[in-house]
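1. Return a 3D structure for these sequence lines:
(chains A, B, C and D)
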Number of protein chains: 2
Amino acid sequence: MELFEERGFEGTTVADIAERAGLTKRTFFRYFGDKREVLFSGTELLEAGFVEAIAAAPADASPLDAVAAGLDAMADRLQDVGDAGARKRQAIIAANPDLQERELIKMNGFATAAAAALRDRGVTEPAASLAAEAGIAVLRIAFARWIEGPPGQDIHELLHESLVELKAVAA
Amino acid sequence: MELFEERGFEGTTVADIAERAGLTKRTFFRYFGDKREVLFSGTELLEAGFVEAIAAAPADASPLDAVAAGLDAMADRLQDVGDAGARKRQAIIAANPDLQERELIKMNGFATAAAAALRDRGVTEPAASLAAEAGIAVLRIAFARWIEGPPGQDIHELLHESLVELKAVAA
DNA sequence: GCTGTGATGACACGTAGTGACATCGCGGCC
DNA sequence: GGCCGCGATGTCACTACGTGTCATCACAGC
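-> Sure thing, here's the model as predicted:
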């Protein structure tokens, strides 16, 4: 993060990162599949909490509401990290198309995981995938507003607002 | 496409492609920003038709229905290309994570373009972005069913079914 | 026949990413 | 105490992507 803020993502070589960490390039690639991944480690945990919460949602919850419960769990962890760090991270990502691609594939991973969790709850296709995708759309919009909005805002509220808005739009 | 089917995307070097085309590597990169892009040229046209159709939708159409009109226009062009070619292409993409990332960023481009087109129609945020994202979710699911389903299927029908399903899920 | 211009080639270079092998540190074990 | 095994790291070599720079070539206009 230090190096990325100083020189940007492209301006930082893997050798630079490794040197700053007191390691070699080769070792870096043993921990991270590629250079981008260093900014996305931790996503697995986020995803795990997300699917657990979907599974744990009340049995009578609608598919979309189950996903919303998952999003709330994710929001808890995001809130813990805080918006300050998230803002820095997002600024780096926004400045680099390659990183945006990686971000999107992570989001997509969330959506497919959510769809699977919904199917485990007995939701059939294509409803499961649609609810999952719609939920991720809600997350995207809420997250963007969290990053762009005033500091210290509660992301749970933004999520809730986005969800309500989605339901209105689709009505 | 020939080379990708023979050796896979990773197994094909840019030099291979250039040689097959009777050109040099350098010239390849003057036409395509990177190796992945060669599989995604033409997306701009698809996107252009998409936004035009959104703009041309009846003034009293809801945001989501305006996006649906855009999707129908996109479906026309996809139908012209046919499912056979789309299947081959998609098989190559499915086999390579880098290509999936590129695919997602194109989809994301569609969503942001749709959101802009909706704002031009007077739709406010966050409704515009949400309707756009939801519409792209519908496209994704319908497209996947088109690729996986029986040959010769009409993608318009699949789009319509997905849209109806989304509305049910969000209700 | 001259000249400008756009497309292509030739060449060199930096960097991401990987395979193969060497080395080191450390805990267990006779 | 010395040996062994193993996981983590380093070293080295190599391929391929992507780019900057300059040369070359074809062709249109005058």
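2. Burial check on the nearest residue to residue A:47 once chain neighbours are set aside, number of neighbours?
-> Nearest residue to residue A:47, sequence neighbours excluded (CB to CB, 6 or more residues apart in numbering or on different chains): residue A:113, at 5.5 Å. For the C-beta atoms, the positions are set from N, CA and C on the backbone; glycine is no exception. By the measure other CB atoms under 10 Å in any protein chain shown, the count of residues near residue A:113 is 17.
3. cool, and residue A:130?
-> Residue A:130: 28 neighbours (other CB under 10 Å).
4. now residue A:95
-> Residues lying near residue A:95 (other CB under 10 Å) number 13.
5. cool, and residue A:65?
-> Look at residue A:65: counted by other CB under 10 Å, it has 15 neighbours.
6. domain parsing for chain A?
-> Chain A breaks down by automatic domain parsing into domains covering A:1-38, A:40-170.
7. quick check, the helix ranked longest in chain A touching DNA strand C?
-> The single longest helix within chain A, with elements called by DSSP state H, is helix A:97-120. No: Helix A:97-120 stays clear of DNA strand C (CB under 7 Å from any atom of the strand), getting no nearer than 8.4 Å.
8. Tell me the helix or strand right after that helix.
-> Following helix A:97-120 in sequence order, the next helix or strand is helix A:127-148 (DSSP states H and E).
9. What pLDDT does the model give the closest residue to residue A:138 other than its chain neighbours?
-> In space, residue A:138 comes closest to residue A:162 once its chain neighbours are excluded; the distance is 4.5 Å by CB to CB, 6+ apart. Looking at residue A:162, its pLDDT stands at 94.
10. does residue A:162 really touch residue A:136, like I thought?
-> No: using CB atoms under 8 Å, residue A:162 is not in contact with residue A:136; the gap is 11.1 Å.
11. can you pull the contacts of the residue minimising distance to the centre of chain A?
-> With distances taken as CA atoms, centre = their mean, residue A:107 lies nearest the centre of chain A, 5.7 Å away. Neighbour list for residue A:107: A:136, A:139-140, B:104 [criterion: CB atoms under 8 Å, 6 or more residues apart in numbering or on different chains].
12. same thing with residue A:27?
-> residue A:18.
13. where does it fall, phi/psi-wise?
-> Backbone torsions of residue A:27, given as degrees, to the nearest 10, read phi -70, psi -40.
14. and it, how far is that from residue A:14?
-> 10 Å (CB to CB, to the nearest Å).
15. and what of residue A:67?
-> Using CB to CB, residue A:67 is found at 37 Å from residue A:14.
16. Mind telling me what element the nearest residue to residue A:5 once chain neighbours are set aside is part of?
-> For residue A:5, ignoring the flanking residues on the chain, the nearest one in space by CB to CB, 6+ apart is residue A:88 at 6.8 Å. Taking DSSP H and E as the criterion, residue A:88 maps to helix A:83-94.
17. again, but for residue A:41
-> Using DSSP H and E, residue A:41 sits in no helix or strand.
18. so how far is residue A:49 from it?
-> Going from residue A:41 to residue A:49 by CB to CB gives 15 Å.
19. quick one, which of those two is more surrounded?
-> Taking other CB under 10 Å, residue A:41 and residue A:49 do not tie; residue A:49 has more neighbours (15 against 11).
20. For the residue lying closest to that one once chain neighbours are set aside, what is the enclosing helix or strand?
-> Nearest residue to residue A:49 in three dimensions, chain neighbours excluded: residue A:73, at 4.9 Å (CB to CB, 6+ apart). According to DSSP H and E, residue A:73 maps onto helix A:63-81.
21. ok, now residue A:60?
-> Assessed by DSSP H and E, residue A:60 sits outside every helix and strand.
22. Quick check: pLDDT value at it.
-> Per-residue pLDDT puts residue A:60 at 93.
23. burial of it, as a residue count?
-> By the measure other CB under 10 Å, the count of residues near residue A:60 is 7.
24. how close does it get to residue A:122?
-> 12 Å.
25. The longest helix of chain A near DNA strand D at all?
-> No: using CB under 7 Å from any atom of the strand, helix A:97-120 never reaches DNA strand D; the gap is at least 8.8 Å.
26. now the angle from that helix to helix B:97-120?
-> Here helix A:97-120 runs at an angle of 90 degrees relative to helix B:97-120 (axes from the mean of the first three to the mean of the last three CA atoms, to 10 degrees).
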